[in-house]
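Colleague: Please find the sequence and the predicted model below.
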Amino acid sequence: MSEQFDVIVVGMGPGGEAAAWRLLAAGRRVAVIERELIGGECAYWACMPSKTLLRPPELRGEVDRAAGVDGARLDWPATRAYRDYMIRHLDDSKQVEGYAEQGATVLKGAARFTGPGTVEVDGRALSAGHIVIATGSDPAVPPVDGLDTVPVWTNREATTLTEIPDRVVMLGGSAVGSELGHFLRRFGAQVSILERSATLLSREDPRVGDLLAERLRADGIDVRTGATATAARRDGGDTVLTLDDGTELRCDVVMVGAGRRPRTADLGLGALGITPGEKGEIRVDEHCRATDGVWAIGDVTAVMPFTHVAKYQARIATDAILGRPRPASYEGIPRVVFTDPEVAAAGLTRARAEQRGLRTAAVELDLADAIARPWTYEQNPRGHLGVLADLDRRILVGAWAVAPMAGEWIHQAALAIRTRTPIEVLLDQVAQFPTYSEGYLAALDALDLDT
């Protein structure tokens, strides 16, 4: 006989945790299931360790560029020790204890659905009126002949490494490849990034990828766009990659950063009446409902594979479960790459706007030519800002920045896009002087809205 609950949450990454906390706070009887560590990929192998590892080299770069200060040095053992602290030494015992204290039933193991509303974990049967699936995603490994015969890292090996390798080739110029490549390079590794598309960060405006590639090359990273590895082999102590142009690259480690795939295999989704999509994703409606009594949130939906989106979808799904449904909106959600300088974007790219049939006007600013803050921040200042406006509705529909702290001040554009604030209102805003946010006024003022 199965144990009865109000809600079963399968997968306790950021989305699952956000859902569980909200449901417990609302007095629901909740069971949570996690096959690895409570906190998920983000807490142990992705967001938290990567941003922790990126901060020391970022600060070292800031010191190098600021006037009147010098002497900063990187300390890998100290960085590694703080990384270990931040990822809880891969120990989730306090998290298990915390959820139990809040009244949740915590099960560690692989879940499999056995029928509508029923789940089995290591022979233990559970049932509930609602199931929330938040099982996340796995790294996508590109089809390179021989790749399984050479040392390969995913983000997990890269963010939990103990020693910096001498030579690394990153397969993929996504956020993962760019961030971890930057971190490894600044800690002394020789790094090459191979990206099959014409630019890095291929889902963003091409100008963004070009600017990032320029910065990475300035740091000594070998960035190759329009390049694909076709074969891998061992040659003595080296890994040798053959590229599609016939050239070869030698390295110690190959790291894959070519995207991720929803983690849905072996869940028994058919027992719930769910057929995964082409990528293995669970398709959901505007309330994150997959089918009656079943909800899916986070990477497993393949909507937008970001931690902040998983947490947002958790709010959407739990509100529906608690009887106050509201539709999800993905307009204006920020996208940040934590390189130095940071890359941030929100809303539509120009290509996507054209696909939607929008009439648009765009402006790009060199921030050092437009505002004062870059000059007070660093010598030889860097920074570019782009904005995209809908000419018919006279609203902002897209923005991007490649500049210091861009991940902090992109939210101004994200909010304007999400609320569809008229550009006339944005032009009447008064920004603090001197800040990077002043760049929005300069960029919007340069738009030709009467085209």
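Modeller: Received, thanks.

Colleague: my read: residue 415 touches residue 332, true?
Modeller: Yes. If you go by Cβ atoms under 8 Å, residue 415 and residue 332 touch, sitting 7.0 Å apart. The way it works is simple: take the backbone N, C-alpha and C, and place the C-beta from them, glycine included.

Colleague: Have a look at those two and say which one is more surrounded.
Modeller: Each of residue 415 and residue 332 has its neighbours counted (other Cβ atoms under 10 Å); residue 332 has more, 22 against 14.

Colleague: Helix, strand, or coil at that one?
Modeller: coil (DSSP: H, G, I helix; E, B strand; the rest coil).

Colleague: what's the pLDDT at it?
Modeller: As predicted, residue 332 sits at a pLDDT of 97.

Colleague: can I assume it is in contact with residue 346?
Modeller: Yes. Counting by Cβ under 8 Å, residue 332 does reach residue 346; the two are 5.2 Å apart.

Colleague: Check the contact lists of these two and give me the overlap.
Modeller: Shared contacts of residue 332 and residue 346 (Cβ atoms under 8 Å, 6 or more residues apart in numbering): 413, 414, 417.

Colleague: Among those residues, which one lies nearest to residue 126?
Modeller: residue 414 (38.6 Å; Cβ to Cβ).

Colleague: So which of the shared contacts of residue 332 and residue 346 wins on neighbours?
Modeller: Ranking the shared contacts of residue 332 and residue 346 using other Cβ under 10 Å puts residue 413 first, with 31 neighbours.

Colleague: mind checking which helix or strand residue 18 is in?
Modeller: When secondary structure is defined by DSSP states H and E, residue 18 falls within helix 14-25.

Colleague: how far out from the middle of the chain is that helix?
Modeller: 20 Å (Cα atoms, centre = their mean, to the nearest Å).

Colleague: Also stretch 3-12?
Modeller: So, by Cα atoms, centre = their mean, the centroid of stretch 3-12 is 26 Å from its chain's centroid.

Colleague: And residue 21, how far from residue 6?
Modeller: Separation of residue 21 from residue 6 (Cβ to Cβ, to the nearest Å) stands at 14 Å.

Colleague: repeat for residue 430
Modeller: 49 Å.

Colleague: quick one: which of these two has more around it?
Modeller: residue 6 (15 against 7).

Colleague: Only alpha carbons, please: show the strand or helix carrying that one as CSV.
Modeller: Under the criterion of DSSP H and E, residue 6 resides in strand 3-10. Taking C-alpha atoms only, strand 3-10 is exported to CSV below (Å, rounded to 0.1, in the frame of the first residue of the first chain):
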residue,chain,number,x,y,z
GLU,A,3,2.1,6.3,1.4
GLN,A,4,-0.2,9.3,0.7
PHE,A,5,0.9,12.9,0.2
ASP,A,6,-0.6,16.1,-1.2
VAL,A,7,2.4,16.7,-3.5
ILE,A,8,5.4,14.7,-4.5
VAL,A,9,8.4,16.7,-5.8
VAL,A,10,10.8,14.6,-8.0
